[in-house]
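Chemist: Just a sequence and a predicted model for now, questions to come.
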Amino acid sequence: MTAWQSRLSAEIDQLGDHLIEFRRNLHRNPEVSGEEFQTSLLLYQVLGDLGLSVRMGPDGRGVIADLDTFDGEGSTAIALRADIDALRIHDSKSVDYCSQVDGVMHACGHDAHTTLVLGAAQALQAMAKKDELPWPIRTRFIFQPAEETCVGAKAMIKAGALEDVSTIFATHMEPGLPFGKVGFRKGELTASCEEIRIRIHGSSGHGARPYEANDPIAAAAQLVNTIYLTLPRVTNTHEAVVVSFGQIHGGSSPNVIPETVELQGTLRTLLPQTRLETINHIHRIADGISMATQTKMEVSFELGTDAVRNDSNVIDLLKETCVEITGMPGVHEVPRASMGGEDFAFYLDHIPGAMLRLGCATPGSDTWPMLHSTRFDIDERVLPFGANLLARSAVACFEPGSRWSQQLLQPRTTTHPDST
C-alpha cells in the first residue's frame, strides 16, 4: 500500500461511525421517486459545508458536487454516481433505524449507495485540504433521484451531470454476496427493460350468450398463454428473454363481457437484436390472435432503461483496486447478467463506466433478505469499504502517465440527452 492509499484508508476509517449514522438517518426518512426533496437538501448542505462546488438537480431533487484540485486548465472528471430514492414497501425490520414513513423504505440499498459516495467525497476533500493527494484530481459526485422509475438519470444528464466527465463509476448492494466480496462483470450486467401495454378491443355482451360478443377477456387469456408458450420456441436458446404480465384490467360486472381489456407487463432482454426480434414476435402473436378472436389489439412498448454494459477497462481498474484492498479472495466474477434493470445505463450511453456489486450480507448468515424485501438490510461495514474502493479508483485514474489516465481521461463528446 502506498503512502497516499494508506492516508485515504485512514481518513475513511475515521468516518466509519459517521457514515453508519448518516445511512441510518436516510433509512429512517426515505423518500420515493419524485419526492426526494429533503434528502437532496440534506446532501446539498453537507456537501456545501465540505467546501465542494455544489448545485441542485432539476426541480430541487438530486445533487451534483465537484472537487477539482487542478491549478488552472485541468483534466476531464471522473464521476461517482449514487441513487437516492426509496420504494413503496413497508419496512418490517425490528431495528432502531426502521423507516419512520409508513409504507416507504430503502429496500434496494440506495441509502447505502448515497452514503458511500458521500464518504468518498468527504475523504477526498479532507485529503485535498491537507494537501495529501498524490496528484491533482477532478471528481464529480452525482446523487441521482428517481432511479426506480427510470427517469432520474436522464434528468441529471440533461442538467449537465456529465459535462466534462470522461468515465463514471457506480455500485449496487448485493445481498447474495457476503461483505468483503465484490461482484465484477464485463459487458452486460443488467437487462434492458421495456414496458408492454396491450389494449384489446372487442364487443360487449351478456355473459350467458358469449356468441353474441367478441370477448376481449378470452382474447387476453389466449394472448398471455401464447406469448408465454411461444417465445421460448422462437428465441435463440443462448439468449435471455423474460416477458411477464403483472396487470390485467377489464370489466365491471361478473355477468357482462366487457368492451375492452388492458394488459401491462415487462420485457427484459440483454442484447439489442434480441429485443427487436422479441418485439416483432409479440406483434405477430397479437395479430394472429386478434384475427382468430375478431378483436382489435393495440400493442405498444416503452423503453424503461437499456442494459448496463460495463466497460472492460473500467472493470480492470476497479478490480485492481479491489485486490489492493482485499486481495484476490475479494473478487467475485458475476457469471451471468441480471434480468433486473438499472437506469445507470443511460450514463453509459454517453461515456464508459461500470457498476460493481458490493456484497452486503453478514458472512456466515444462512439467509439474508434480498433486494426489495420488507426486511432488507446491509452489513454496514460495506459503507467505508465501498467509499474506499470508489475513492481510491478515482484517484488512481489521475496518476500521471498511467494506463488509467491514458484510457479513462480522454475528452469525449456528450451527445444530447434526448438521443437516448
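Modeler: Arrived safely. Numbers count the residues shown, from 1 in each chain.

Chemist: okay, CA-based contacts and neighbour counts for the rest of this
Modeler: OK.

Chemist: mind listing the strands for the stretch 51-200 of the chain?
Modeler: Along the stretch 51-200 of the chain, counting by DSSP state E, counting those that start in this stretch, strands occupy 53-56, 63-68, 77-83, 138-144, 165-178, 182-184, 187-188, 192-201.

Chemist: Please identify which of the ones you listed is closest to Ser94.
Modeler: strand 165-178 (18.4 Å; Cα to Cα).

Chemist: and the gap between Asp215 and Val256?
Modeler: From Asp215 across to Val256, the span is 10 Å (Cα to Cα, to the nearest Å).

Chemist: out of those two, which sits in the busier spot?
Modeler: More crowded of Asp215 and Val256, by other Cα atoms under 10 Å: Asp215, with 26 against 17.

Chemist: thinking the more buried one is in contact with Gly251, fair?
Modeler: No - counting by Cα atoms under 8 Å, Asp215 does not reach Gly251; the two are 10.7 Å apart.

Chemist: Give me the common contacts of those two.
Modeler: Residues touching both Asp215 and Gly251 (Cα atoms under 8 Å, 6 or more residues apart in numbering) are Ile257, Pro258, Glu259.

Chemist: beta partners for the first one?
Modeler: Using DSSP bridges, the beta-bridge partners of Ile257 come out as Gly205.

Chemist: measure it to Met297 for me?
Modeler: Counting by Cα to Cα, the gap from Ile257 to Met297 is 17 Å.

Chemist: shared neighbours of Asp215 and Val256, anything?
Modeler: Ser204.

Chemist: wait, what's in contact with the residue nearest in space to the middle of the chain?
Modeler: Nearest to the mean C-alpha position of the chain, counting by Cα atoms, centre = their mean, stands Glu342 at 3.3 Å. Applying Cα under 8 Å, 6+ apart, we find Glu342 in contact with Glu147, Glu148, Cys150, Thr190, Ala191, Thr305, Asp306, Ala307, Val308.

Chemist: what about it, which SS state?
Modeler: coil (DSSP: H, G, I helix; E, B strand; the rest coil).

Chemist: If I look at it, what pLDDT would I see?
Modeler: For Glu342, the pLDDT comes out at 97.

Chemist: Export stretch 330-342 to CSV, keeping only CA atoms.
Modeler: Provided in CSV are the C-alpha atoms of stretch 330-342 (Å, rounded to 0.1, in the frame of the first residue of the first chain):
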residue,chain,number,x,y,z
GLY,A,330,-12.5,-10.3,-2.5
VAL,A,331,-13.1,-10.7,-6.3
HIS,A,332,-16.3,-12.4,-7.4
GLU,A,333,-16.8,-12.9,-11.1
VAL,A,334,-20.5,-12.5,-11.8
PRO,A,335,-21.3,-15.5,-14.0
ARG,A,336,-24.4,-14.0,-15.8
ALA,A,337,-26.2,-10.8,-16.2
SER,A,338,-29.2,-10.0,-14.0
MET,A,339,-32.6,-9.6,-15.7
GLY,A,340,-33.3,-6.6,-13.4
GLY,A,341,-32.9,-3.1,-14.7
GLU,A,342,-30.8,0.0,-13.8
